[in-house]
Structure formats: structure tokens, C-alpha cells
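Student: test case, fold it:
(one chain, ligands or ions: 1)
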Amino acid sequence: MKVLVINCGSSSLKYQLIDSESEEVLAKGLCERIGIEGSCVTHQKAGGPKKKEEADMSDHTDAVKIVIEKLTDPADGVIDSLSRIGAVGHRIVHGGERFKGSVLIDGEVLEAISQCSALAPLHNPANLIGIRSCQQVMPGVPMAAVFDTAFHQTMPAKAYLYGLPLEYYEKYKIRRYGFHGTSHDFVSRRAAQILGKKREELRIIVCHLGNGASVSAVCHGKSIDTSMGLTPLEGLIMGTRSGDMDPAIVGFLAEKEDMSASEVINVCNKRSGVLGLSGGLSSDFRDLAQAAADGNKTAETALEAYAYRVGKYIGAYAAAMNGVDVIAFTAGVGENNAEVRQLIAQYIGFLGTSIDPGKNRIRGEEVILSAEGDRVVTMVVPTDEELAIARETVALVEKR
Ligand code: AMP
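Tutor: Residues are numbered from 1 along each chain as shown. Next up is the predicted model:
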């Protein structure tokens, strides 16, 4: 079956067409500046060059129509008609407590996703627009919703409750939800597979280190804790997000800088993390590693602070699971950035594991970084959220 995977933002739409039998990506692309002047589409057929061009997209329905045009284009396309698309898988950011797994989309599911919008006001409405646009352009094609939060719904109350008055959980559902669930699930599953073990036998710490970053404790196949919280702002220091900090800072900064609470939160989301720590130099770890190698001390400190936070979470989750068998690194930084992994290596030796500098040079591939005989296996497992969404979608469609 050919599955179209859609990841819809407020003004963007990312897509991949995946053949579920071969698990090959047939084509992929990105529509940008939807509804804004200068909208454009970048499309790439497997093995072909990336082609970027201007395209009129006044709304997401226009964008979906362009995606279909590109996929069926005689030169750059990969299918002869829309009818070749067997199903659509939608990445949905927030499923609240309602969604503990992926589901086929119907009217009731749409309503429930909409009810979760209060928890993710920037993301869920955009995700819903993506679904409705696809339904308009592809009526009758089965569609699945795959949630970033669902994998973490197995967390116990002691991990998901904040130390706040319980009434706020009861009234507003303020609690830890966690994100990147599709990736934490995919990577922990694959790590066990590579080691020839059942995931249910293992205690795995997954470090999803991308521009957004989170760590999870996957104990015997279930997520029991994760570093992101009510929103993706909590936990690790990220590309532009602060991660954990004293909540009193929000009030303090609001007063000192004459900002509203939401303006301070905006700073914490967009101008903080390694970007903020490096004095605005860059949120891209390649730039920071280069700058640090050239002697830039703030860039060096930003990378050290980033790695230190990851190290602290690994220690915490080893305690949460009463031990750890596998530490898996994934996503842009986790898969590719040898400098950051080497910095993290300083904090994991006490667990009985190591990162071999030779193996650590390998980028973007499945590799075991620890030494033969180490008590804990440390490894790199490239994530593939789109493939995970396609697999979930096919499983649901075939079960109908
Ligand atoms: P993601 O959000 O997973 O796409 O990750 C984006 C981050 O991965 C960026 O900060 C990049 O600096 C980092 N990254 C991607 N490719 C490389 C690479 N080849 N070497 C070092 N860092 C990389």
C-alpha cells in the first residue's frame, strides 16, 4: 500500500509517500508559507534532485492539491493517479489523556483532537486543518491520527503529576504528557531488535536529541517517564528552548523586562537553549561545534551545558528504572554530532558503559558505541518518525 504521511504546521505541510511493503520513501517534500506571500513547494522524488518552486497556496487545501499534483506529475511524480494512495497518516501533536494509541479518523476523533487544542494551541488546530484539507481533496481515503503524546500515556501518576494543587490537574488536565512519542517508541523497539532481545526484557533510555530534544525511560516496553511536560518546553536544553528552569524566573523576568508571562514563555521557546546560551550565535550544533573548535568560549559552554543536562537525565532515568540496559541516541544531534555524544560520555561511565571515540566518528548509522562486555549498551539508532507513522496507519487500515 502507498501511504501518504502528513505533518502539518500552521503555515507549512511536510509530506512523504511511503511504499508500505518495501518501506521505501517514494517521494517527499515541503510546502512553506501557506497563506503567506511567497508560498513555495520543495519536492523530491527518490533518487532525484530537490526541486523548489513558487506555488500559489492560499490555504492548506491548496497545499494538499499541489502535493497531489507533484506526486502525479509525469516527470517528477511517482504515481499515475490519486487513487494509488491507499491511506493517509497524520502526525498529531497532542492527544491529551484521550488517545493512548493511534486511531482511524472519524467525526468523533476530529472532535476529540479539537478538544485537545487547549493543550497545544499552536499545533493541534494546524494538524486538524491538515486532516480536513486531505479529506476534501481525497474523500473516501482512510486516514489515521498518530499522536506525539500517545506512547507516554503509560507513565504512572507519580511521574506525570506536577507538585501543584491537584485541582489544577482535575480542572485543566495540567500534567506531564511528553512528546516525540513516535520516535521514542520506534527507537526503543529497534534498539532491542538490533540486540536480538525483546523490548519487554530491557530498560532503555532513549535520548532524542534534535532541535527539539527529549529523553525517555522505556522500562520493559513502556514509557515510564519522559523529560518534556505539559508542553515541549520542559526538560533538556534544546536548540532554542530553555528546558527546565525555576518557574519563578517567569514572574521575575516579566517584571524586570516589562513583559507579559506569555512574552517570557516566547523567549524561553524561541530565544533560549543553545542559541540563547551562545549569545545568539546559532541553534545549529554544527555551527556551535565549529565555533567551539575555533576557540569561542560561549559556544563551548553552551555545548557543555547541553551535554550536562542530558547526562543528568540519563542518571535520573537509570534511578527511575532501578538500572539501565541500553542508552540509545537518535535525531539530528544524537545521530550525527560526535562532539556532543563525546561530551555526554563523561557522565555515563558510572553506569558501566562508554563511548568508543573510533566508533563515535560514524554518523547517521546504527552503531554500538560502547565496548564489548560493557554492562550497558550505548548505541546510535536513527529515528524514522514518518516510517513509524506509515506502519501505524497500515496496521489500522488492515485491521478495519
Ligand atoms: P532534528 O531536529 O532532528 O532535525 O535535528 C536538527 C539538529 O541536528 C541541528 O541542530 C543540527 O545541528 C544537527 N545536525 C544535523 N546534521 C548534523 C551533522 N551532520 N553533524 C552535526 N549535527 C547535525
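Student: from here on, contacts and neighbour counts on C-alpha atoms
Tutor: Will do.
Student: quick one: list the elements packing against the host helix or strand of Ala87.
Tutor: Assigning secondary structure by DSSP states H and E places Ala87 in strand 85-92. Under the contact criterion of 3 or more C-alpha pairs under 8 Å, 6 or more residues apart in numbering; DSSP states H and E, strand 85-92 touches strand 2-8, helix 124-137, strand 143-147, helix 385-399.
Student: swap in 6 Å and give it another go.
Tutor: In this structure, strand 85-92 packs against strand 2-8, strand 143-147, with contacts taken as 3 or more C-alpha pairs under 6 Å, 6 or more residues apart in numbering; DSSP states H and E.
Student: isn't Glu32 right next to Ser12, touching?
Tutor: Yes. With the criterion set as C-alpha atoms under 6 Å, Glu32 and Ser12 qualify as a contacting pair; they are 4.6 Å apart.
Student: before we move on, back to that, could I get the helices and strands packed on strand 85-92 as TSV with mean neighbour count and mean pLDDT?
Tutor: Output for those, formatted as TSV (neighbours: other C-alpha atoms under 10 Å; pLDDT from 0 to 100):
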stretch	mean neighbour count	mean pLDDT
strand 2-8	25	97
strand 143-147	27	98
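Student: any chance of these in TSV with distance to Leu71 as columns?
Tutor: As requested, these are arranged in TSV below (distance: least, C-alpha to C-alpha, whole Å):
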stretch	distance to Leu71
strand 2-8	10
strand 143-147	18
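Student: turn these into JSON lines, columns for distance to the ligand.
Tutor: Putting these into JSON lines (distance: least, C-alpha to the nearest ligand atom, whole Å) gives the following:
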{"stretch": "strand 2-8", "distance to the ligand": "14"}
{"stretch": "strand 143-147", "distance to the ligand": "18"}
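Student: and the stretch 251-400 of the chain, which residues reach the ligand?
Tutor: The stretch 251-400 of the chain has residues Ser283, Asp284, Phe285, Arg286, Ala331, Gly332, Val333, Asn336, Asn337 near the ligand, with proximity defined as C-alpha under 6 Å from any ligand atom.
Student: of those, which belong to helices?
Tutor: Restricting these to those inside helices, with DSSP state H as the criterion, leaves Phe285, Arg286, Ala331, Gly332, Val333, Asn336.
Student: can you give me the neighbour number for the fifth one?
Tutor: The burial count assigned to Val333 is 24, neighbours taken as other C-alpha atoms under 10 Å.
Student: give the contact list for it.
Tutor: With C-alpha atoms under 6 Å, 6 or more residues apart in numbering as the criterion, the residues that contact Val333 are Leu209, Gly210.
Student: now Leu233
Tutor: Gly243.
Student: distance of it relative to the ligand?
Tutor: 14 Å (C-alpha to the nearest ligand atom, to the nearest Å).
Student: and Leu288, what helix or strand is that in?
Tutor: With secondary structure defined by DSSP H and E, Leu288 is part of helix 285-293.
Student: what mean pLDDT does the helix or strand following that helix have?
Tutor: Toward the C-terminal end, the helix or strand that comes next after helix 285-293 (DSSP H and E) is helix 297-320. Averaged across helix 297-320, pLDDT comes to 98.
Student: now stretch 120-139
Tutor: The average pLDDT within stretch 120-139 is 94.
Student: and stretch 190-210, by the same measure?
Tutor: If you average the pLDDT over stretch 190-210, you get 98.
Student: that stretch near the ligand at all?
Tutor: Yes. If you take C-alpha under 6 Å from any ligand atom as the test, stretch 190-210 does meet the ligand, through Gly210.
Student: list the buried ones in that stretch?
Tutor: By neighbour count, with 16 or more other C-alpha atoms under 10 Å as the criterion, the buried positions of stretch 190-210 are 190-192, 199, 202-210.
Student: now do stretch 73-81
Tutor: Residues of stretch 73-81 classed as buried under the neighbour-count rule (16+ other C-alpha under 10 Å) are Asp76, Gly77, Val78, Ile79.
Student: separation between the nearest residue to the first one once chain neighbours are set aside and Leu26?
Tutor: Nearest-residue entry for Asp76: Lys45, 6.2 Å, with adjacent residues in sequence omitted and distances by C-alpha to C-alpha, 6 or more residues apart in numbering. Counting by C-alpha to C-alpha, to the nearest Å, the gap between Lys45 and Leu26 amounts to 6 Å.
Student: report pLDDT for the residue nearest to Glu300 when sequence neighbours are not counted.
Tutor: Here the nearest residue to Glu300 in space, its sequence neighbours aside, is Ala292; by C-alpha to C-alpha, 6+ apart that works out to 4.8 Å. The score at Ala292 is 96. That number is its pLDDT.
Student: give me the distance between Ala292 and Val187.
Tutor: In this view, Ala292 and Val187 are 30 Å apart by C-alpha to C-alpha.
Student: more neighbours: which of the two?
Tutor: Val187 (28 against 17).
Student: contacts only, for that one.
Tutor: Thr383.
Student: heads up, I number from 754, so please use that
Tutor: That works, and once the first residue is 754, the last one we named lands at Val940.
Student: would you agree it falls within a strand?
Tutor: No. Secondary structure assignment places Val940 outside any strand; it is helix (DSSP: H, G, I helix; E, B strand; the rest coil).
Student: find the nearest non-adjacent residue to whatever residue of the stretch 1004-1153 of the chain ends up closest to the ligand, please.
Tutor: For the stretch 1004-1153 of the chain, the residue closest to the ligand is Gly1085, as judged by C-alpha to the nearest ligand atom, at 3.2 Å. Sequence neighbours aside, Gly963 is the residue nearest to Gly1085 in space, at 4.7 Å (criterion: C-alpha to C-alpha, 6+ apart).
Student: if I pick Ser886, what's in contact with it?
Tutor: Contacts were defined as C-alpha under 6 Å, 6+ apart; by that measure Ser886 touches Thr814.
Student: ah, wrong one, I meant Leu1122
Tutor: If you count contacts by C-alpha under 6 Å, 6+ apart, Leu1122 has them with Ile1108, Asp1109, Lys1112, Thr1131, Met1132.
Student: please check those residues and keep the buried ones.
Tutor: Burial of those was assessed by neighbour count (16+ other C-alpha under 10 Å); the buried members are Ile1108, Thr1131, Met1132.
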